[in-house]
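*Asks:* Sequence and computational prediction follow.
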Amino acid sequence: MTTRFDVLVIGGGHAGIEAAWAAARLGAHTALVTFDRHAIGRMSCNPAIGGLGKGHMVREIDALGGLMGLATDAAGIQFRMLNRSKGPAVWAPRAQCDREGYPKAVQELLGRASSLEIVEGGVETLITTQTDGQVPVRVTGVTLTDGRALRGETVVVTTGTFLRGLMHCGENRTEGGRVGEPAARGLSDALVALGFELGRLKTGTPPRVHRDTIDYNECEFQPGDDPPTPFSDMTDVLPQRQLPCWVTWTDEAAHEQIRANLHRAPMYSGQIDSRGPRYCPSIEDKVVRFADKLRHQVFLEPEGYDNERIYCNGISTSLPSDVQDAVVRTIPGLQHARILQHGYAVEYDFVPTHQTRVTLETKRVAGLFLAGQINGTSGYEEAAGQGLVAGVNAARVAAGRGDESFVLGRDEAYIGVMIDDLIARPPTEPYRMFTSRAEYRLHLRSDNAGRRLTSIGRDIGLVDDERWMRFTSRRLAIAEIESRIARSHIGGTPLETWLRRPDADVHRFADALRRDDGDAPLCADVLELVMIESRYRGYVDRQAREIERFRRLESMQIPRGTDYAAMRELRAEARECLVRVEPATLGQAARVSGINPSDITVLWIYLTGRRRSA
C-alpha cells in the first residue's frame, strides 16, 4: 500500500469529497481516508441538495470545477427553483436526490481523478514535527487505528459528526456519527493534545416512514419544475423521471403529545447540553419556542426511485421512539404510517474557528486544514464549499506554494461570505447559509455563478478544457445578446427600456430579438440572465460601487503576528478580540464581534504608519 502522499483527506463526506477532488485535480498525490469506501458521499440526513443560500453555493462549487452539482444532476429525482415569486437574488435551486444514486455518482466521479487513492481505515492520531518560526508544529501524517502510518505534506480533516459522535433517541444513547457507523474518538484526543480547544454541537434528523403506509389524499401534492433546471453548467438536460413530494401539517394533538413528554426529550431533560441549529429546530423546540403556532409544516420527501422510505422533513426529533410513534400518527396522512427509522439527535466535537485562518489552515499546526462540520457548520453544501477551498490550499502548500492562498471574498461568492463569517464571528451554534447573510446578494445570484467564478476556477486549475470552452461560448452569447438589445424594439419601445418593465418575459424577449436578427440561436437561461442584468442594471451598478469601496477596505492587509498589545489606544476588549481571531485584513477586523468603528480607526492609523501625526 502507498504510504506517502502530498495531501491526506480524512473523511469521505461532502467536505472530504470536494477537498480530495480539488487536491487531486491540481496534481497532488492524494489519499482519501474513510471507514468504508462504499459510504463515500453518503447522505446522513435528507437526500436533498440546495435551497436558500445553499443552492447558490452548489452553483458556485460547480463553476469553480467541483463535484456537487454534477452528482446532484445525475442523482436528482425532483428539481425545483424556490422563491420564483420573489426577486432573482433569492431564487434558489433545490433537488431531492436518490439516496443510493448520489453516493454512486460521487464515487464514479472520484474514480476519474488519476492521482487519488481511497484508503479504508479510521484515523487514531496526527503525526507532527517541530519547526522553526511562528507555528511551532507541522503535521506530517496520520496513524490509523490498525497501526498503519500515512505520511503527507498536508492533512485536511473533514470528520463531520463523527468526532466523538453520540446519538440520542430518548433515554437511549449510542456512540456513532450516524446510524450503524462508529464514532471517531482518537482524533479528538489528538487535537486536544496539540493544544486545540474543542467545543460541542448538536444536530438532528426526523423519522422516516414507509411510503405505502401514507394516505396521500390527505396531503398537498408538490410536483417538480417542468422543465427542471440543472445545477451544473455541464448538464444540458435532465431526462430522468421526476417524483412528487407532499406537504402536511402537525396539529394541536401532536403538540400536546410533545408537551406531555418534554421531560423525556434529551434537549429538555439535561441529557444534551450542546447547542443545536437555531434555524432548523427540532419539533419539540418548535412547540416550546413558538407556542402560539397551531401547526407546523411537514414535507414528505421520497428517498429514491426504489427506496421505500419517505423523509418527514420538518419534524426532526430526539424524543423516545414510542413518543415519535404517537406524534407521527396524529399528523394528517400519517395516521397509519409505519416508522422505518426513528429520528435522533447527534452530538459531536468541533474546533471553534478562532483557531483557523481564512485559508482553513489551522493557526496552531502548519499544514493542517479543517473543513465542514468540524468548523461549526451544518449542511452538505456548507461542507462542500469549505472542502473545495481547503483542498486547493492544501495542494498549494504541499507543492511549496503556500504564499499563493486561495481565498474568495464576500463580494465574490457565498462561499467567501461563509468562511469570512466563520473566522470573524466564530459560531456558537451550527452555522447555516442564508441569502440574508450576504451584503451583495443581488450580485451573488445563483444564475450568474458561472459568470462570476469560472475564470477563477480556470486560474486555480480546476476548470478543464471542456468546461472552459462551454463558458467562453456562453460568454460570447451573452455579449452578442447584450449588443443586440441596443438596436431592438418592442412596439416602438427600445428593448433596453422594455426589459425594465415588470411584465417583461423571456418569450417576448426572444421574439423581439428574432424579429430584428432572424433565427439566431437563443438559449433560455442565457436570455434570463441578460434580462435580470438589464432589469436591475441601476441596482447592480450601485452595488458594484459599494463592492469597490469594500475592496479598498479589504485590500489593507494586517501582517501576521501584529502586536495588538502595543496599541494602547485600543480598548482592552478590542485587543483581546483581535488577538483571538487574528483578522487578515482591515475589512475582516471590522466584522469581528466586539470591534467598533473607533477600534478600526486606531488600527488603520497603526497600519498606515500615521500614529505620530495623529
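*Replies:* Yep, it's here. Residues are numbered from 1 along each chain as shown.
*Asks:* can we go C-alpha only for contacts and neighbour counts from here?
*Replies:* Will do.
*Asks:* Run through the stretch 51-200 of the chain and note the low-pLDDT ranges.
*Replies:* The stretch 51-200 of the chain contains residues with pLDDT under 70 at 131-135.
*Asks:* Leaving out chain neighbours, which residue sits closest to residue 305?
*Replies:* residue 98 (6.7 Å; C-alpha to C-alpha, 6 or more residues apart in numbering).
*Asks:* Enumerate every residue touching residue 301.
*Replies:* Applying C-alpha atoms under 8 Å, 6 or more residues apart in numbering to residue 301 gives the contacts 96, 244, 245, 246, 310, 311, 312, 313.
*Asks:* Just put those residues in CSV and tack on neighbour count and secondary structure.
*Replies:* Output for those, formatted as CSV (neighbours: other C-alpha atoms under 10 Å; DSSP: H, G, I helix; E, B strand; the rest coil):
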residue, neighbour count, secondary structure
96, 26, strand
244, 16, coil
245, 20, strand
246, 19, strand
310, 24, strand
311, 24, strand
312, 23, strand
313, 18, strand
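*Asks:* Closest one to residue 460 out of the residues you listed, please.
*Replies:* Among the contacts of residue 301, residue 96 lies closest to residue 460 (C-alpha to C-alpha), at 30.6 Å.
*Asks:* ok, the closest one to residue 347 distance?
*Replies:* Remark: distance between residue 96 and residue 347 (C-alpha to C-alpha, to the nearest Å) = 26 Å.
*Asks:* Just give me the neighbour total for residue 171.
*Replies:* For residue 171, the neighbour count with other C-alpha atoms under 10 Å is 14.
*Asks:* domains in the chain, as residue ranges please.
*Replies:* 4-161+356-407+430-455, 208-339, 477-539, 556-607 (automatic domain parsing).
*Asks:* What residues sit buried inside the worst-scoring helix or strand of the chain on mean pLDDT?
*Replies:* Using mean pLDDT, DSSP states H and E, helix 506-517 stands out as the lowest-scoring helix or strand of the chain, at a mean of 77. The neighbour-count check on helix 506-517 (16 or more other C-alpha atoms under 10 Å) flags 506, 509, 510, 512, 513 as buried.
*Asks:* Who are the packing partners of that helix?
*Replies:* Where contact means 3 or more C-alpha pairs under 8 Å, 6 or more residues apart in numbering; DSSP states H and E, helix 506-517 is packed against helix 524-535.
*Asks:* Can you name the element that comes right after the helix it packs on?
*Replies:* helix 537-554 (DSSP states H and E).
*Asks:* Next, the angle from that following helix to helix 524-535.
*Replies:* Angle, helix 537-554 to helix 524-535, by axes from the mean of the first three to the mean of the last three C-alpha atoms, to 10 degrees: 80 degrees.
*Asks:* Would you check the distance separating stretch 309-317 from the middle of the chain?
*Replies:* 21 Å (C-alpha atoms, centre = their mean, to the nearest Å).
*Asks:* who's in contact with that stretch?
*Replies:* Counting by C-alpha under 8 Å, 6+ apart, 46, 204-211, 281-284, 296-303, 324, 340, 343-345 sit against stretch 309-317.
*Asks:* give me every residue that touches residue 345.
*Replies:* Applying C-alpha under 8 Å, 6+ apart, the residues near residue 345 are 167, 168, 169, 202, 203, 204, 205, 317, 318.
*Asks:* can I get those in CSV with neighbour count?
*Replies:* CSV is the format used below for these (neighbours: other C-alpha atoms under 10 Å):
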residue, neighbour count
167, 25
168, 25
169, 21
202, 24
203, 26
204, 21
205, 23
317, 28
318, 31
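*Asks:* List just the nearest of the residues you listed to residue 16.
*Replies:* residue 203 (19.2 Å).
*Asks:* Let me know whether the closest one touches residue 343 as I believe.
*Replies:* No. The pair residue 203 / residue 343 is not scored as a contact, 11.0 Å apart, by C-alpha atoms under 8 Å.
*Asks:* between those two, what contacts are shared?
*Replies:* With C-alpha under 8 Å, 6+ apart, residue 203 and residue 343 have no common neighbours.
*Asks:* pLDDT score for the residue lying farthest from the centre of the chain?
*Replies:* Relative to the centre of the chain, the most outlying C-alpha is that of residue 492, 46.6 Å out, by C-alpha atoms, centre = their mean. Per-residue confidence (pLDDT) for residue 492: 80.
*Asks:* Same check on residue 606?
*Replies:* With respect to pLDDT, residue 606 has a value of 86.
*Asks:* any low-confidence regions in the stretch 451-600 of the chain?
*Replies:* Across the stretch 451-600 of the chain (using pLDDT under 70), the flagged ranges come out as 515-521.
*Asks:* Spatially nearest residue to residue 402 (excluding sequence neighbours)?
*Replies:* residue 396 is the one closest to residue 402 (C-alpha to C-alpha, 6+ apart), at 5.5 Å.
*Asks:* All the strands of the stretch 301-450 of the chain, in order from the start?
*Replies:* Along the stretch 301-450 of the chain, counting by DSSP state E, counting those that start in this stretch, strands occupy 309-313, 339-341, 344-350, 365-366, 368-370.
*Asks:* can you put those strands in JSON lines and add mean pLDDT and distance to residue 331?
*Replies:* Output for the strands of the stretch 301-450 of the chain, formatted as JSON lines (pLDDT from 0 to 100; distance: least, C-alpha to C-alpha, whole Å):
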{"stretch": "strand 309-313", "mean pLDDT": "97", "distance to residue 331": "11"}
{"stretch": "strand 339-341", "mean pLDDT": "97", "distance to residue 331": "13"}
{"stretch": "strand 344-350", "mean pLDDT": "96", "distance to residue 331": "19"}
{"stretch": "strand 365-366", "mean pLDDT": "96", "distance to residue 331": "51"}
{"stretch": "strand 368-370", "mean pLDDT": "98", "distance to residue 331": "41"}
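*Asks:* what's the closest of those strands to residue 529?
*Replies:* strand 309-313 (32.0 Å).
*Asks:* The closest one pairs with which strands?
*Replies:* Partners of strand 309-313 in the sheet, by DSSP bridges, are strand 208-210 (antiparallel), strand 297-302 (antiparallel).
*Asks:* For the nearest residue to residue 101 once chain neighbours are set aside, grab phi and psi.
*Replies:* Distances taken as C-alpha to C-alpha, 6+ apart place residue 75 nearest to residue 101, at 5.1 Å, with adjacent residues excluded. The phi and psi values for residue 75, taken as degrees, to the nearest 10, are phi -110, psi 0.
*Asks:* isn't residue 75 right next to residue 95, touching?
*Replies:* No. Look at residue 75 against residue 95 with C-alpha under 8 Å: they stay out of range, at 9.1 Å.
*Asks:* For residue 482, list the residues it contacts.
*Replies:* Counting by C-alpha under 8 Å, 6+ apart, residue 482 has contacts residue 530.
*Asks:* how close does residue 74 sit to residue 313?
*Replies:* Taken as C-alpha to C-alpha, the span from residue 74 to residue 313 is 23 Å.
*Asks:* wait, residue 170
*Replies:* Counting by C-alpha to C-alpha, the gap from residue 170 to residue 313 is 19 Å.
*Asks:* ok, now residue 285?
*Replies:* 15 Å.
*Asks:* ok, now residue 434?
*Replies:* Counting by C-alpha to C-alpha, the gap from residue 434 to residue 313 is 18 Å.
*Asks:* before we move on, what about residue 538?
*Replies:* 40 Å.
*Asks:* Need the pLDDT of the closest residue in space to residue 529 that isn't next to it in sequence.
*Replies:* Nearest residue to residue 529, sequence neighbours excluded (C-alpha to C-alpha, 6+ apart): residue 447, at 6.5 Å. Per-residue pLDDT puts residue 447 at 93.
*Asks:* Residue 447 reaches residue 531, doesn't it?
*Replies:* No. Residue 447 is beyond contact range of residue 531, at 11.3 Å (criterion: C-alpha under 8 Å).
*Asks:* ok, now which ones touch the residue nearest to residue 305?
*Replies:* Residue 98 neighbours (C-alpha under 8 Å, 6+ apart): 47, 75, 76, 77, 303, 304, 305.
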